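Student: how would this look folded up:
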Amino acid sequence: MSTRQYVTADYLRANVIGYSDTGQGDETFKRMLERDKNELRELGIPVETGRNGVGDEGYLIKPDDYALPDIRLETDEAAAVAAAAAVWHEPDVAVVTQTAVLKLRASGVDVVAPDELGVAQAGGPRSMGSETAIRGLIDAIGAAQAVTFTHRSTRGRAARRLEPWGVVGNRGRWYVIGHDLDRDATRTFRISRIDDVAADSDRGAVHVPAGLDLNALVDEAVSRADDSTGGTARVWLASERAHGLRRIARSVTPHVLGSEAGDVAEIDVRSRVGVVRAVLSAGPDAVVLEPADLRSSVIAELDRLAGPEGDAR
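Tutor: Okay, the predicted model is just below:
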């Protein structure tokens, strides 16, 4: 970085700390040099190989080839980068997102921490979905192919066929929207409830209608699902626990569940999904007593989060 000419391996061996250790053989040095060049390239720092005239082959790093310019991200843009880094954990994707976060922070960009975003790794209570499912859907959208997948709901598992139009994030979750071939209608599916995505048509078979606002369509579908059906939920809360549910309760009455002291909270169901999330977040400190369908929804979500081992029990 401090020179404009190519520097030879012999020069590096003599001047870089660690390469010039006494007793180090030629082969050891060559392996170290190759390792370090590869690590630099993986970090996005290009190591250029060339010659100065007719001299020996050497190496050069040009800061202008990799140094980031002045970056000014809006808050939501920086949050999007952090969300990607928080969600993806498969090695081939995680390396890219984590490296992006490191570069941004090194440049002075205030990247929001994952725990401030309300997102989690796939499989957690706020999972954005299986990476395999998301990537399968994105690949199919890019190839304009129909897909089949297994969809989980409170009614069980069902096979679905869809012509996917897009993958859209909404309220901390990801959804796929498209044309449901079995129902001949536009449908939106939460990706965290999708498994076993497979292509089901030739490439180019799917045609997305012109002029669609996918974000608006997904937001409308999610809003309908979140809309209150009215009524009140009765939720048992462990004593001095589950404070989030206590804050939204309209009344709290002492009640012993089994042998454990606690309270029954009366909660107005303004958002069914919101109540389910709040109960799941409280873990064993909250138990839905009524209504039965809300209780069933919570149990179904707990079974899904427990996975195969939970099903076996």
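Student: Let me see the ranges of the helices in the stretch 1-150 of the chain.
Tutor: Shown for the stretch 1-150 of the chain, the helices assigned by DSSP state H, counting those that start in this stretch span residues 9-15, 26-42, 75-87, 91-106, 131-143.
Student: same question but for the stretch 201-313 of the chain, I mixed them up
Tutor: Taking DSSP H, counting those that start in this stretch, the helices of the stretch 201-313 of the chain run over residues 214-226, 243-248, 272-282, 292-312.
Student: residues of the second one that come out buried?
Tutor: This means helix 243-248. Within helix 243-248, the residues scored as buried using 16 or more other C-beta atoms under 10 Å are 245-246. For glycine as for every other residue, the C-beta is placed from the backbone atoms N, C-alpha and C.
Student: Show me the contact partners of that helix.
Tutor: The contact list for helix 243-248 (C-beta atoms under 8 Å, 6 or more residues apart in numbering) reads 235, 237, 252, 263, 265, 267-268, 278-279, 281-282, 286.
Student: Quick one: buried ones out of the residues you listed?
Tutor: Using 16+ other C-beta under 10 Å, the buried ones in the contacts of helix 243-248 are 235, 237, 252, 263, 265, 267, 278-279, 282, 286.
Student: mind checking how far the residue lying closest to residue 261 once chain neighbours are set aside is from residue 212?
Tutor: Residue nearest to residue 261 in three dimensions, not counting chain neighbours: residue 239, with 4.7 Å by C-beta to C-beta, 6 or more residues apart in numbering. Distance of residue 239 to residue 212, computed by C-beta to C-beta, to the nearest Å: 51 Å.
Student: got it, and residue 26?
Tutor: Taking C-beta to C-beta, one finds residue 26 at 63 Å from residue 212.
Student: neighbour-wise, which of those two wins?
Tutor: Each of residue 26 and residue 212 had its neighbours counted (other C-beta atoms under 10 Å), and the higher figure belongs to residue 212 (13 against 9).
Student: List the residues that contact that one.
Tutor: Counting by C-beta under 8 Å, 6+ apart, residue 212 makes contact with residue 165.
Student: what about residue 148, neighbour count?
Tutor: Residue 148: 15 neighbours (other C-beta under 10 Å).
Student: Starting from residue 195, give me the distance back to it.
Tutor: Following C-beta to C-beta, the distance that separates residue 148 from residue 195 is 11 Å.
Student: which regions of the stretch 151-300 of the chain sit below the pLDDT cut-off?
Tutor: Residue ranges of the stretch 151-300 of the chain with pLDDT under 70: 154, 171-172, 225-230.
Student: What are the boundaries of the strands in it?
Tutor: 156-170, 173-180, 185-190, 194-199, 232-238, 251-257, 260-268, 286-290 (DSSP state E, counting those that start in this stretch).
Student: which helices and strands sit right next to the first one?
Tutor: Contact partners of strand 156-170 among helices and strands, from 3 or more C-beta pairs under 8 Å, 6 or more residues apart in numbering; DSSP states H and E: helix 131-143, strand 147-153, strand 173-180, strand 185-190, helix 214-226.
Student: hang on, the earlier thing: give the burial count for the residue nearest to residue 261, as a bare number.
Tutor: The number of residues packed near residue 239 is 12, by other C-beta under 10 Å.
Student: Now do the contacts for it.
Tutor: So residue 239 contacts 260-263 (C-beta under 8 Å, 6+ apart).
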